[in-house]
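K.L.:
here's my sequence, what's the structure:
(one chain, ligands or ions: 1)
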Amino acid sequence: MKLSIQEIQAKSILTKSNLPVGDYSANPYTGCTHACKYCYAEFMKRFTNHTEPWGTFLDVKHWNEIKHPEKYNGKAIFIGSVTDPYNPQEETYRRTRALLEQLSGTTAKISIATKSDLVLRDLDLIKTFPDIRISWSVNTLDEDFHRDMDNAVSIARRFAAMETCHKEGIRTSCFISPIFPGITEVKEIIQRAKGCCNWIWLENLNLRGRYKKVIMDYIEEKYPDLLPLYEEIYKHRNRSYWLALDKDLRAFADRLGLEYATNDDSMERDYDAPPVIVNYFYHEQIKKSARKDAMSAADEQPTPSVAKRIGDNDA
Ligand code: SF4
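P.N.:
Next up is the predicted model:
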């Protein structure tokens, strides 16, 4: 895959956020080389003058050092709302690490969302924050399906990273997202994750925009038996699959002795308590806020003349 990378000067790195999980959001990159087939963040292209296919470009942000980090004491900061802050290029550019270094010493409540185990590189720094959590997106245990869907590291590596962090005393979350009807093995993932995380978040697959056709074509080709179900859900907007899954998972959680909630993001639980399962099916507020949030992040983009193209790379 041809990958285009440029370093840019952003006006700032922290953006006031409408997300329920953050007072501020931070995206040290624009674009994301994990290139998930279902990525909703693709709409960022419209706000950043990118015409390349999603997943084939990355803007590496530089910003003026945060002058008064103490003003973020107690504030919730969500890192990675429209990119993966630990995409493979972070190994070279270290912009997420730079952000953490600049916030170091504060009592900011940091949430990091990733599909990578590169985050382990920064454990020393991460452990210095009194209130920090890391979530890994996992929507299958089938490595073939994962490879069809994204370029991120294997599911096994994501779980290994989750386990390491959890053992180190860092709060972790397994984000089962997006749940593909008839494909995502939700119960097996819950069983796999329950010993190494504090939360298990559930989110349904939404299809809209360009990637709706991409996913429907994929289902038709690889899972033709499921096509009628996908048409029912995504063409006829029938929600009964999700209502039934919600009911089934609630009963499953009960059997496992796990709490099942629809709105619980508390950081106050005992660290050693079993994880709480939080269902975000059709959590419209989050989606609308994420979109608004991304649009304000796009406001940080410099004009193209400021951006410095440093060359094309093959990934
Ligand atoms: S990791 Fe997240 S931001 Fe990156 S391509 Fe996948 S869904 Fe999009």
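K.L.:
with only the CA atoms kept, save stretch 34-46 in CSV.
P.N.:
Extracted C-alpha coordinates of stretch 34-46, given in CSV (Å, rounded to 0.1, in the frame of the first residue of the first chain):
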residue,chain,number,x,y,z
HIS,A,34,-5.0,1.0,10.4
ALA,A,35,-7.4,1.7,7.5
CYS,A,36,-10.4,-0.1,9.1
LYS,A,37,-13.0,-0.9,6.4
TYR,A,38,-15.8,0.5,8.6
CYS,A,39,-14.0,3.6,9.9
TYR,A,40,-16.5,6.4,10.6
ALA,A,41,-13.6,8.9,10.9
GLU,A,42,-13.2,8.8,7.1
PHE,A,43,-15.4,11.9,6.9
MET,A,44,-12.3,13.8,8.3
LYS,A,45,-11.1,13.9,4.7
ARG,A,46,-13.6,16.5,3.9
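K.L.:
how would you label the residue most central in space within the chain: helix, strand or coil?
P.N.:
Centroid-nearest residue in the chain: Ala113, 4.4 Å away (criterion: CA atoms, centre = their mean). The three-state label given to Ala113 by DSSP: H, G, I helix; E, B strand; the rest coil is strand.
K.L.:
nearest residue to it in space, please, no chain neighbours.
P.N.:
Gly80 (4.1 Å; CB to CB, 6 or more residues apart in numbering). All C-beta spots, glycine's among them, are computed from the backbone N, C-alpha and C.
K.L.:
that neighbour and Lys115 touch, don't they?
P.N.:
No: the criterion here is CB atoms under 8 Å, and Gly80 misses it with Lys115 at 9.6 Å.
K.L.:
show me the strands in the stretch 51-200 of the chain, by range?
P.N.:
Using DSSP state E, counting those that start in this stretch, the strands of the stretch 51-200 of the chain run over 57-62, 76-79, 109-114, 132-137, 171-179, 199-204.
K.L.:
now render those strands as a markdown table, adding distance to the ligand and mean pLDDT.
P.N.:
A markdown table is the format used below for the strands of the stretch 51-200 of the chain (distance: least, CB to the nearest ligand atom, whole Å; pLDDT from 0 to 100):
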| stretch | distance to the ligand | mean pLDDT |
| --- | --- | --- |
| strand 57-62 | 10 | 96 |
| strand 76-79 | 12 | 96 |
| strand 109-114 | 8 | 97 |
| strand 132-137 | 7 | 97 |
| strand 171-179 | 9 | 97 |
| strand 199-204 | 11 | 96 |
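K.L.:
redo those strands as JSON lines? Include distance to Trp242.
P.N.:
Formatted as JSON lines, those follow (distance: least, CB to CB, whole Å):
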{"stretch": "strand 57-62", "distance to Trp242": "34"}
{"stretch": "strand 76-79", "distance to Trp242": "25"}
{"stretch": "strand 109-114", "distance to Trp242": "22"}
{"stretch": "strand 132-137", "distance to Trp242": "19"}
{"stretch": "strand 171-179", "distance to Trp242": "9"}
{"stretch": "strand 199-204", "distance to Trp242": "5"}
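K.L.:
what's the closest of those to Ser240?
P.N.:
For those, the distance to Ser240 is smallest for strand 199-204, at 12.5 Å, taking CB to CB.
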